[in-house]
Structures are given as C-alpha cells and as structure tokens.
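[1] Structure for this input, please:
(3 chains)
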Amino acid sequence: MFALIDCNNFYASCERVFQPDLNGKPLVILSNNDGCVIARSNEAKSLGIPMGAPAFKYKEIFQKNKVQIFSSNFTLYGDMSNRVMAIISKHVPDVEIYSIDEAFIKLNGFSENEANKKCKDIIKTVLKWTGISVSVGLASTKSLAKVANRIAKKNSDKTNGFYSINDNKKRIEALSNISTRDIWGIGFQNEKKLSRINIKNGIDFINLPDKWVKKNMSIIGLKLKKELEGTPTLEIEGGKVDKKSIATTRSFESEISSLDDLIERITTFSMVASKKLRRQNSECNMICVFIRSNPFKQNSERYHFSLTGSLPFSTSSSIEISKFAVNLLKKIYSKNRLYKKAGIILMGLSPQSNHQFSLFDKDLEKQKKLMKSIDNIDDKYGLYKVRLASQDQKRIWKMKRQKLSRNYTTEIDEVLIVS
DNA sequence: TCTGGGGTCCTAGGGCGA
DNA sequence: TCTGTCGCCCTAGGACCC
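    Take a look at the predicted model:
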C-alpha cells in the first residue's frame, strides 16, 4: 500500500501558524518579484483567484475582498517542510519526499487497520507538533494514492483528511468522478488530446487501448494507466538523491539590452548555481545559458536564445563556471534587442569524489582552496558576500518582496515573543 | 508599470563508428 | 576502399510536476 501525505494550502498554512488571526480570511502568496499567485487559502480559492494569476490583474479583487497578500518566504516554508517530513520519517521508514509539501510512504507488511491507523496518527501528530494540517490518501499504487488524497482533501468535512481506495468499487467510483485534467501526470496538452477523442474522466482513460496510450502519451502515459488500473509501476524513491541538473534563472524587473548588464547577471547566476553545486559535493561538465524576451508583451517579436557548451574538464569553481558561461552568453547575444529573463543551467553532474583528472587540472587544488575560502566567508558573513569583479558590487537590482513575513523559525531576532 | 523558479523524464533526429 | 545498415550517444525540445 502507498499513501500520499499532502499539506493543505501549505504556504498559506505556514503563514497562519504564526499569525492565527489570518484564519478564515482570504490569503494569497506571490511568486518571486511579487509576480504571480502561487498559493491560496480556501477562502481565496472561492473568490475565483486562479493559480498563477498575475497579481497586478487581481489588484481590485484583492482590495475589494481584503485579501491578505504575502511575498514568498521560502526560508520559512523550507524549515516548516523539514519539520513535517521529520515527523513522517519517525512514523515510517519508507518515505519519499516528493516536493516541499508532499511525501509518499510505503506501508508494506501492515494490515489494513494498521495502515489506516498509521495514516491517522500522522495527520494528528503533524497538526499537533507543527500547526500544519495534512491530508492523506491511501491506495495500492502511488497514482491512486494521489486520487485518494484529492478525495480526502475535497471532502474533509466527511473524511477528516483521510481516504482509502481499498477495493475495486471505490476505485471505479473515484475514477468516474475525476476529470482527466485532475489526474496526476495528465497535463494541459494530454488533456487536449484526450478530449478530442471524447475521453473525459479516469474511467474513460483506463478503457483506452494500451497501444493508443503508448503512442500518444509515451511510456509515461502507459505507466499511469497501469497504476490507475491498480498495478504499481512507480516505486518509492527514498534516500537523499543528488540533483541531475542545477538551474538559476530570474526575470528582470525591467527589460535590459546591454551586454555588460547581461554579463553581470550571468556572472551572479553562476556564483549562485556553483554554490548549489558545491553544497551537494558535485561538479559539472556542461553549461547551458539562455536569454529571452518578454513573452507577454503584445505585438513584439519573441525570442529565446540558448547555447549549451561542454567544459574540457569537470569543475565546481565559481570562477571557471562564470568564465565559461559568459563566453556562451557572448555567442548568443544579439544587439538592439530587449531581454526580460536569463538563466544558467549546470548539467553533466558527477560527485567531486569521482573527479577525472585531466591536463587542465594543474590549478585544481588552488581553485578548490579558493572556493573553500569563499564558502567559509559566506557562511560567516552571509551569502554571496564575495563577488567577482564582473558582478554589480552594489547589487542595485533586488527581488521585489514587499509583503515578506518574518523568518519565525530560522532567525533568532525574528522569533515570536509571547508576553 | 507589474505575468516565478527549479526540477525530471521521454522522444526524435542527427552524427558517427563498427 | 567505398557504401549501406545498425545501434549508440548526444542534443534540443516538449511534456509533466510542485
């Protein structure tokens, strides 16, 4: 049996834990730069505010309904997530942390009653210890556990946050009542394809021939079909898994066109990305750089230039990576154009311990020591205190985060004081 | 004025060596 | 030595997820 544990309206719940007066009020969390709505409380959902809504377009609705607005505080959400996952891991050994607010668990060797009890215990303990409410769906496969979780959440007044698809009748009923778009793994494009042949819900989908599904939705679609039929094709992926690529990308506060400005951004992104790389003790041998226009601008040309290059050696040095990235940037840069977003993606990741030595390694030890010193200074005085000459020394560009809450759990100066 | 960021996996198609 | 075929590898792009 698999269970999916999902935190309810996670980001909104994190804010409410420390500001309980927000309970019952509509609440939204905005993306970086306060751009889009990325999380909503139930009250905000019922006002018709969709996921991904551009904040500026909903200003009136926010004002009219006194919607509480927060900038995303990933330090807080990340810390609360760690606490929730630690509690789940105490209850069961087989845990897969699927995202910041979701975890799959495997309940092998448990009787049905024991599995049900375990799920209910988790709901109770997480709420008691963290203040975050979670929903749990239990079923024979991961995809069906997702469906069960959805039922648990949608009907929380009846389910108390727990639902189990434990027989065929319940499985058929659940699949009849879920539209294809709401099934995990069926996205916008696949829904369009299915809709064209009049496939509307989960039952319609599993009644399709395997051959059609494989041809039109690839092996992933076929695996999903088997899962919904009750045959597991996806396993728990436990343990700490190293990332296979690391990206740092940002939209700019306004369009920029000069090469010097772009070099400054790409250098800074390289510093951030290579730090992430060193944190997981990896190095990379491929770098992709991209720059693009504003896709939302009416009546103007859209462009997206990107280039991937292979390094002659593997490295985690900020200096090597930024030097290489800037060279790639120079190759794709074109004058007299306006750019709204840029980014760098590090690929070909391998553990530092497996380093393949090459002719270019004469400075390796020197670079390693330098990076270690930079990381030490950052640890002591705050992130990214050491900068390369091509970076903006004053850092005049900054993410817009006008409605940021406090770091209640990670900064001693910001903890709540109870008087 | 103002529309996020960071991942994974799969497939098609081209290059290239056996 | 030339040519055809097969399969592997790489890359770009698209789809999905949160």
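
[2] alpha carbons only for contacts and neighbour counts from here, please
    Fine.

[3] now stretch A:120-135, how far from the centre of its chain.
    22 Å (CA atoms, centre = their mean, to the nearest Å).

[4] mind listing what's buried in it?
    By neighbour count with 16 or more other CA atoms under 10 Å, stretch A:120-135 contains the buried residues A:Lys120, A:Ile122, A:Ile123, A:Thr125, A:Val126, A:Gly131, A:Ile132, A:Ser133, A:Val134, A:Ser135.

[5] Next, give me the two most distant ones among these.
    Spanning the widest gap among the buried residues of stretch A:120-135 are A:Lys120 and A:Gly131, at 15.5 Å by CA to CA.

[6] tell me the mean pLDDT over stretch A:72-88?
    Average pLDDT, stretch A:72-88: 94.

[7] Return the residues of the stretch 201-350 of chain A in contact with DNA strand B.
    Contact residues (CA under 7 Å from any atom of the strand) of the stretch 201-350 of chain A with DNA strand B: A:218-220, A:242-254, A:296-297, A:341, A:343.

[8] mind listing which of those are in strands?
    A:Ile246, A:Ala247, A:Thr248, A:Thr249, A:Arg250, A:Ser251, A:Phe252, A:Glu253, A:Ser254, A:Lys341, A:Gly343 (DSSP state E).

[9] In contact with the third one, which residues?
    With contact set as CA atoms under 8 Å, 6 or more residues apart in numbering, A:Thr248 has these partners: A:Phe269, A:Ser270, A:Val272, A:Ala273, A:Gly343, A:Ile344, A:Ile345.

[10] Taking chain A, what residue is nearest to DNA strand C?
    In chain A, no residue comes nearer to DNA strand C than A:Gly187, which is 2.9 Å away by CA to the nearest atom of the strand.

[11] Ramachandran angles for that residue?
    phi -100, psi -170 (degrees, to the nearest 10).

[12] cool, A:Lys124 as well?
    Main-chain dihedrals, A:Lys124, degrees, to the nearest 10: phi -70, psi -50.

[13] for A:Lys200, same thing?
    The phi/psi pair for A:Lys200 (degrees, to the nearest 10) is phi -110, psi -30.

[14] Of the contacts of A:Thr248, just say which sits nearest to A:Phe305.
    Nearest to A:Phe305 among the contacts of A:Thr248 is A:Gly343, at 10.8 Å by CA to CA.

[15] give me the beta-bridge partners of that closest one?
    Legend: beta-bridge partners of A:Gly343 under DSSP bridges are A:Thr249, A:Phe290.

[16] Distance check, A:Leu307 against A:Leu329.
    8 Å (CA to CA, to the nearest Å).

[17] which residues do those two both contact?
    Joint contacts of A:Leu307 and A:Leu329 (CA under 8 Å, 6+ apart) are A:Val289, A:Phe290.

[18] So these two - more neighbours on which side?
    More neighbours surround A:Leu329 than the other of A:Leu307 and A:Leu329, with 24 against 15 (other CA atoms under 10 Å).

[19] Of the contacts of A:Thr248, just the buried ones, ChimeraX syntax please.
    To isolate the buried ones among those in ChimeraX, judged by 16+ other CA under 10 Å, type:
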select /A:269,270,272,273,343,344,345
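
[20] can you put the contacts of A:Thr248 in TSV and add pLDDT, secondary structure and distance to A:Asn336?
    Below are those laid out as TSV (pLDDT from 0 to 100; DSSP: H, G, I helix; E, B strand; the rest coil; distance: CA to CA, whole Å):
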residue	pLDDT	secondary structure	distance to A:Asn336
A:Phe269	92	helix	23
A:Ser270	93	helix	25
A:Val272	91	helix	28
A:Ala273	92	helix	28
A:Gly343	92	strand	20
A:Ile344	93	strand	22
A:Ile345	93	strand	25
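
[21] Which residues of the stretch 51-200 of chain A lie near DNA strand C?
    Where the stretch 51-200 of chain A comes near DNA strand C, counting by CA under 7 Å from any atom of the strand, the residues are A:99-102, A:183-191.

[22] Narrow the residues you listed to just the buried residues.
    A:Ile100, A:Asp101, A:Glu102, A:Ile183, A:Ile186, A:Asn190, A:Glu191.
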